[in-house]
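Asks: This is a predicted model, with the sequence first.
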Amino acid sequence: MKFRSLLSLALVLCFLFAPTAQAAQKKSGVLYEGIITRRYPNSYTNVYDRMDSDTGKVIKTMSAGNSIQILDVYPGWVSIKVGSGVGYVMRHRIDVTSNPDPINTPDYPILPISYYAVIDRDVEVKADKSADSDTLSLLTAGARVAIEGFEDGWAMVIHKRVYGYINTNDLSELLPVASDVETADAETPIAVFNSFYNDNPDRIVNLARCCELISKVLQPGQTMNFNNDVSPFSAANGYRLAPVLVKGETKMGYGGGSCQVSSTLWDALMQLPGITVLRRNPHGDNAASYLPHGMDAASGTDNQNFIFRNDYDFPIRIDASTHDLALFVAIYKEM
């Protein structure tokens, strides 16, 4: 345990003081070029002085198609240039049109994850960097979470469309994601991602069943067809009736929740240039509420599927699991 604690501290310090690609890009000011989305052509989009549409002040309104320069990306918002200052716009109100520095900045909306934690005690995911803030989720021993960054002694996790915070003192096992797939070993994942879900028992059963069915090895050149691998969506195959999101509307169906597994898998794989996505369908304009806008991959019907191919010259292993309302996907280089 002492070794793990020292390792955790070293990794946190390395993360905090190493120059990240996004930090390097910020020196030039702009991460992405974009527009106010044309999905809502007859409406105006508000630009706020903070990331809160209820208490924030509207500092500008913009029409569909107006150009914007994006300075930073958050789970539910982006910050943009407004004159000589900064404003905030909800992510579902923007479209990214170009990446000025694709070498140092990942394509939007990819969020590279460099660390993950294995929980070995009761841990609360807080709404703010304070023990007195609301608890978003409770994790117990065995849960795994992807760490998006660190601030003021707190680990940042993506909790649906906001940041959640875990006190780093509660993370006795903090582990790295391999920075180079060529030198990765069998114990270190080459990509991870996780999402959080609601406490619906039937949906949780479906998530766990999907995770079980996609946890496998893919050889070089092999394709995974998500619907084929997890179907049929039936009681006989271990699924239960649960809410299903179809074109922005919620219905009941066997296997409800499978889209969260395909989406979380997509978010992990999108960090890997050796993976070729052959088909991916979003959940319509509003996307899926359990992930930041634009980071979902629908599945489960003839019109919605996620298909990808392993174009690395080595096998990859998918390890997906659920625990304490957290769905975690790790990709390994199979040795």
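Replies: That came through, no problem. On a predicted model such as this, the values are computed, not experimentally measured, just so you know.

Asks: Can you give me the domain boundaries for this structure?
Replies: 2-21+110-176, 29-98, 191-333 (automatic domain parsing).

Asks: Show the average pLDDT along the shortest one.
Replies: Per-residue pLDDT values over domain 29-98 give a mean of 96.

Asks: So what would you say the end-to-end distance of it is?
Replies: 15 Å (CA to CA, to the nearest Å).

Asks: and it, how far from the chain's centre?
Replies: Distance of domain 29-98 from its chain centroid, counting by CA atoms, centre = their mean, to the nearest Å, is 20 Å.

Asks: Val181 contacts Gln271, correct?
Replies: No: assessed by CB atoms under 8 Å, Val181 is found out of contact with Gln271, at 10.3 Å. C-beta: built from backbone N, CA, C; applies to glycine.

Asks: What lies in contact with the host helix or strand of Thr276?
Replies: Element membership for Thr276, per DSSP states H and E: strand 275-279. Residues external to strand 275-279 that are found in contact with it (CB atoms under 8 Å, 6 or more residues apart in numbering): 223, 266, 269-270, 305-312, 316.

Asks: next structured bit after the helix-or-strand element of the chain with minimal mean pLDDT?
Replies: Using mean pLDDT, DSSP states H and E, the weakest-scoring helix or strand in the chain turns out to be helix 21-26, at a mean of 40. Elements were assigned by DSSP H and E; along the chain past helix 21-26, the next helix or strand is strand 32-36.

Asks: what's around Arg317, how many residues?
Replies: The local packing of Arg317 (other CB atoms under 10 Å) involves 17 other residues.

Asks: Just to check, it is in contact with Glu334?
Replies: Yes: with contact defined as CB under 8 Å, Arg317 reaches Glu334; the gap is 4.6 Å.

Asks: what's the overlap in contacts for these two?
Replies: Val217.

Asks: Where do the helices of the stretch 101-250 of the chain begin and end?
Replies: For the stretch 101-250 of the chain, the helices defined by DSSP state H, counting those that start in this stretch cover 201-214, 226-230.

Asks: okay if I get those as CSV plus mean neighbour count, distance to Thr168 and mean pLDDT?
Replies: CSV is the format used below for those (neighbours: other CB atoms under 10 Å; distance: least, CB to CB, whole Å; pLDDT from 0 to 100):
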stretch, mean neighbour count, distance to Thr168, mean pLDDT
helix 201-214, 19, 27, 97
helix 226-230, 19, 35, 97
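
Asks: Next, work out how far apart Thr183 and Glu249 are.
Replies: 47 Å (CB to CB, to the nearest Å).

Asks: any chance of the helices of the stretch 101-250 of the chain in JSON lines, plus distance to Asp170?
Replies: Formatted as JSON lines, these follow (distance: least, CB to CB, whole Å):
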{"stretch": "helix 201-214", "distance to Asp170": "24"}
{"stretch": "helix 226-230", "distance to Asp170": "34"}
